[in-house]
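>>> What follows is a predicted structure for the sequence shown.
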Amino acid sequence: MTPMLARSPRVIVIVGPSGVGKGTVVRALLDRYPEIWLSVSATTRPPRPGEVDGEHYYFVAPGEFDELVAAGDMLEWAQVYGLHKYGTIRHAVLEHLAGGHPVLLELDLDGARQVRQTMPEALTVFLAPPSLPELRRRLESRGTEGPEERDRRLATAERELAAQDEFDAVVVNDDVDQAVIQLASLLGLPER
Ligand code: 5GP
């Protein structure tokens with residue numbers, strides 16, 4: 001690879017089980033590296049209090065989501081936790097890459113597998129908890145899900161943890177600052 005290509009912007013896919021602190025790590029990474037663009041996904045999930053359409057997600061009706069898929073407008077999509085559909089809007093990713101920005105995709109395991117097929121140059125990173133009991137503790141203490149939803153997320157977490165060897169890199173979220181330093185280094189960005 002030429003030095004030019006080694007420095008060119010790329011796609012980074014972050015997958016991590018619910019409760020691992022993905023949101024916190026991603027926010028800290030973007031605060032320090034505002035040149036990274038975080039993709040805004042489309043979802044059929046209803047907005048949570050405080051979530052803004054077009055900022056956190058594009059909240060769409062199921063029929064509209066299916067039309068986007070049928071039109072080939074989704075880079076990848078998945079039904080997450082067997083409930084709602086989530087997908088990455090292809091043209092937005094390509095535009096930001098063309099504009100010189102590294103693009104960050106926060107996906108579930110199925111989505112990461114699809115991107116690996118269609119964009120093999122993407123860097124895939126698994127954000128892991130220090131342990132499964134610690135993940136359970138974090139999920140319980142944040143208290144945003146009821147017991148049934150929490151169990152569903154923990155079952156998915158076990159499936160995700162079992163797949164971490166598929167990823168280009170595993171970053172353990174023991175300390176947010178250390179996780180950000182590792183992610184920046186994987187992206188070839190200078191320490192700030
Ligand atoms: P939440 O409902 O908590 O916002 O997100 C649930 C899960 O959906 C998260 O683990 C997140 O990584 C995943 N997710 C969000 N957007 C996308 C997307 O565009 N594609 C896929 N495959 N997963 C997504």
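Structure received.
>>> For the residue in the chain that the ligand sits nearest to, give me its contacts.
As assessed by CB to the nearest ligand atom, the ligand sits closest to Gly111 within the chain, at 2.4 Å. C-beta here means a position set from N, CA and C on the backbone, and glycine is covered the same way. Gly111 sits next to Val13, Val15, Glu76, Trp77, Ala78, Tyr86, Gly87, Thr88, Leu105 when contact means CB atoms under 8 Å, 6 or more residues apart in numbering.
>>> tell me which residues form a beta bridge with the fourth one?
I take that to be Trp77. Under the criterion DSSP bridges, Trp77 forms beta bridges with Gly87.
>>> ok, now which ones touch it?
Applying CB under 8 Å, 6+ apart to Trp77 gives the contacts Phe65, Val69, Lys85, Tyr86, Gly87, Thr88, Gly111, Gln114.
>>> Enumerate every residue touching the residue nearest the centre of the chain.
What sits nearest the mean C-alpha location of the chain, by CA atoms, centre = their mean, is Glu106, with 1.1 Å. By CB under 8 Å, 6+ apart, the residues touching Glu106 are Ile14, Val15, Lys22, Val26, Leu38, Ser39, Ser41.
>>> contacts with the ligand among the residues you listed, please.
Filtering those for proximity to the ligand by CB under 6 Å from any ligand atom leaves Ser41.
>>> Tell me the most packed of the contacts of Glu106, by neighbour count.
Among the contacts of Glu106, the one with the most neighbours (other CB atoms under 10 Å) is Val15, at 26 neighbours.
>>> If I follow the layout properly, it ends up in contact with Leu104?
No: using CB atoms under 8 Å, Val15 is not in contact with Leu104; the gap is 11.8 Å.
>>> follow-up on the earlier one: now which of the contacts of Trp77 would you call buried?
For the contacts of Trp77, a neighbour count by 16 or more other CB atoms under 10 Å gives the buried set as Phe65, Lys85, Tyr86, Gly87, Thr88, Gly111, Gln114.
>>> measure the nearest residue to the second one once chain neighbours are set aside to Arg10 for me?
If I follow you right, that is Lys85. Excluding its sequence neighbours, the residue lying closest to Lys85 (CB to CB, 6 or more residues apart in numbering) is Thr44, at 4.8 Å. For Thr44, the distance to Arg10 (CB to CB, to the nearest Å) stands at 29 Å.
>>> quick one, which of the two is more surrounded?
Neighbour count, other CB under 10 Å: between Thr44 and Arg10, Thr44 has more, with 19 against 16.
>>> Poorly predicted segments of the protein, please.
1-9 (pLDDT under 70).
>>> Quick check: what element follows the helix ranked longest in the chain along the chain?
Counting residues, the longest helix in the chain under DSSP state H turns out to be helix 147-162. Next along the chain after helix 147-162, taking DSSP states H and E as the criterion, comes strand 169-172.
>>> Please name every helix or strand in contact with that following strand.
strand 123-128, helix 176-186 (3 or more CB pairs under 8 Å, 6 or more residues apart in numbering; DSSP states H and E).
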